[in-house]
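> prediction below, plus the sequence it came from.
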Amino acid sequence: MKKFIFILFPFLLGYSACKKEVAPANTPADTTTVVKPTIAELARDYLYTAMNQYYLWYKLMPSVVKTDYKDPKSLLNAMEYKTLDRWSFTQTYDEYLAMSSGSFVGHGISMGLDAAKQVRIAEIYNKSPLYLKGVRRGWIVKKLNGKDLAAILIAKDSAAYANLIGPSTAGITNTFLFQTPAGKDSTIASTKAAFTLNTVIVQDTLHLKSGITGHLVFDQFITPSNQELQTAFSYFSQNNIKDLIVDLRYNGGGDLSVLTNMASYVAGASKAGSKFVTLTFNDKNTANNVSYSFNTVAAPINISRLIVITTRGTASASEDFINGLKPVITEVKTIGDTTNGKPVGMIGIAYKTNYMFWPISFSLVNSAGNGDFYKGIVPEKYVPDDITHDWNDRNESCLKEAIYYLEHGTVSAKRLSAGTNTSPHIFSEKSSKSNNAYIINK
């Protein structure tokens, strides 16, 4: 597996980074002072150079004067080709390290509104403070710190939500009033803590009329996922699964090498070495164009049908998991909502140990040459995200429909049209921009 590891033009910064203040005419020349640029200004200039070299749509960028912007974040916002780019972002280097390692500080939850406008836990990590106190997906959150959350979520007021739950700082305590699945109220004080995310949320088998089916709920593609995926697919292989359901409804992407490993388990041993996806960079970087092939993995499975559960939050690497396997699996179907529509990826560009920049830098197609799904991957059937049930509850709407398809060879009769899906808006402690990353370190 090839990774691009380059130092990005460090020598270009030394001559253009300083600003001069010119002394008044009657002031002796030797009193002229040089004002050193801030770290943010140096990083801004570095990003400007990177965008002109690596940005996929560099020819379509707005014309800007970099010194009009105080930091790289505001410069990137000005330079983006907004017709297509919804994903490029900047972050601190510490945020990058936390993202790539799975480190996390918080309660470890995401919340959303059900059809009755009740706030529920949509996702929870198994090492999180609340999980360890028994909280699970589907629990109703009646109040947070004594306040009704429903109005905030109905208004999609991210600022009010962030203000109420507080920053991602260990030691901050929030008080939740839950209603359990048994209908009882439960008040739980939870203190935010640092922990490592589990990216395999669920791995189990379903004994269906059609045979033994693997069921994997997968959260994001990061380096620690490789060990979790090996464990999960070893379990599937030992159970001789016939079909596979992969739930990627909140998976916004991640590392290309992890994606390739996961796809290799699903494609099976016979596909090792054959083409998976092809990356195409802009015309300044054609030497970087490359195809990735399926790997030889420890426990490949042998299936003919793959069902993927999706939402609008299914993005980037998750979409290329679907698109990349379509030419090699007999049936690849999606259930849920249309995906995010991100057939492109980023390179990660570091400015020292201060910033990481993630400009869109390449497009991706599968081995059949298909990509460009900017409008998203449309599901076989629209099914709302059902946050009233836990992941492996067979009454959960998306899982129920996936099972129906495997047992009947078609979707159930009742259909929803595009645009009528009432999937909830999810409020997560994770950064949505970081979660949409599709990463090659540069």
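Alright, I've got the coordinates. No experiment lies behind these values; they were computed from the predicted model shown. Residues are numbered from 1 along each chain as shown.
> so where do the helices sit in the stretch 101-250 of the chain?
150-154, 158-165, 225-238 (DSSP state H, counting those that start in this stretch).
> which stretch among the ones you listed comes nearest residue 267?
helix 225-238 (11.4 Å; C-beta to C-beta). Any C-beta I mention is one placed from the backbone N, CA and C, and that applies to glycine too.
> just send the helices of the stretch 101-250 of the chain back as JSON lines, with mean neighbour count too.
Converted to JSON lines, the helices of the stretch 101-250 of the chain look like this (neighbours: other C-beta atoms under 10 Å):
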{"stretch": "helix 150-154", "mean neighbour count": "17"}
{"stretch": "helix 158-165", "mean neighbour count": "14"}
{"stretch": "helix 225-238", "mean neighbour count": "18"}
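> the closest residue to residue 355 other than its chain neighbours: neighbour count?
Counting by C-beta to C-beta, 6 or more residues apart in numbering, residue 355 lies nearest to residue 43, which is 4.7 Å off, once chain neighbours are set aside. Residue 43 sits with 22 neighbouring residues when counted by other C-beta atoms under 10 Å.
> one more: residue 247?
Residues near residue 247, counting by other C-beta under 10 Å, number 27.
> now do the contacts for it.
Neighbouring residues of residue 247 by C-beta atoms under 8 Å, 6 or more residues apart in numbering: 201-202, 215-218, 308-309, 391, 398-399.
> so it versus residue 174, what's the distance?
27 Å (C-beta to C-beta, to the nearest Å).
> can you confirm residue 412 is in a strand?
No - applying DSSP: H, G, I helix; E, B strand; the rest coil, one finds residue 412 to be coil, outside a strand.
> can you tell me how far it sits from residue 127?
36 Å.
> ditto for residue 329
From residue 329 to residue 127 the distance is 32 Å (C-beta to C-beta).
> who's more crowded, these two?
Neighbours per residue (other C-beta under 10 Å) separate residue 329 from residue 127, with residue 329 holding more: 20 against 14.
> now the more buried one. Nearest residue, chain neighbours left out?
That would be residue 306: by C-beta to C-beta, 6+ apart, it lies 5.0 Å from residue 329.
> correct me if wrong: the one you found contacts residue 242.
No - taking contacts as C-beta atoms under 8 Å, residue 306 lies outside contact range of residue 242: 11.3 Å.
> who has more neighbours out of those two?
Relative neighbour count places residue 306 above the other of residue 306 and residue 242, with 23 against 17, counting by other C-beta under 10 Å.
> show me the contacts for the residue nearest to residue 355.
Taking C-beta under 8 Å, 6+ apart as the test, what residue 43 contacts is 71-72, 351, 354-355.
> try it again with 10 Å
13, 37, 71-73, 75, 90, 351-352, 354-355, 357 (C-beta atoms under 10 Å, 6 or more residues apart in numbering).
> present those as TSV; the columns should include neighbour count and secondary structure.
TSV is the format used below for the contacts of residue 43 (neighbours: other C-beta atoms under 10 Å; DSSP: H, G, I helix; E, B strand; the rest coil):
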residue	neighbour count	secondary structure
13	15	coil
37	17	coil
71	16	coil
72	28	helix
73	18	helix
75	26	helix
90	24	strand
351	23	strand
352	11	coil
354	15	coil
355	25	strand
357	27	strand
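> quick one: stretch 144-156 to chain centroid distance?
25 Å (C-alpha atoms, centre = their mean, to the nearest Å).
> just stretch 61-80 next, same as before
Using C-alpha atoms, centre = their mean, the offset of stretch 61-80 from its chain centre is 25 Å.
> now do the end-to-end distance for that stretch.
Stretch 61-80 stretches 6 Å from its first residue to its last (C-alpha to C-alpha, to the nearest Å).
> swap in stretch 299-311?
The first-to-last residue distance of stretch 299-311 comes to 28 Å (C-alpha to C-alpha).
> so for that stretch, mean pLDDT?
Averaged across stretch 299-311, pLDDT comes to 97.
> quick one: low-confidence residue ranges for the stretch 101-250 of the chain.
By pLDDT under 70, the stretch 101-250 of the chain has no low-scoring segment.
> and of the helices of the stretch 101-250 of the chain, who's closest to residue 98?
So among the helices of the stretch 101-250 of the chain, helix 225-238 is nearest, using C-beta to C-beta, at 15.2 Å.
> all strands of the stretch 151-300 of the chain, in order?
With strands called from DSSP state E, counting those that start in this stretch, the stretch 151-300 of the chain shows them at 173-179, 185-191, 193-196, 200-208, 211-218, 243-247, 254-255, 275-281, 290-293.
> using a markdown table, lay out the ones you listed together with distance to residue 265.
As requested, those are exported to a markdown table (distance: least, C-beta to C-beta, whole Å):
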| stretch | distance to residue 265 |
| --- | --- |
| strand 173-179 | 36 |
| strand 185-191 | 35 |
| strand 193-196 | 22 |
| strand 200-208 | 12 |
| strand 211-218 | 10 |
| strand 243-247 | 9 |
| strand 254-255 | 15 |
| strand 275-281 | 12 |
| strand 290-293 | 14 |
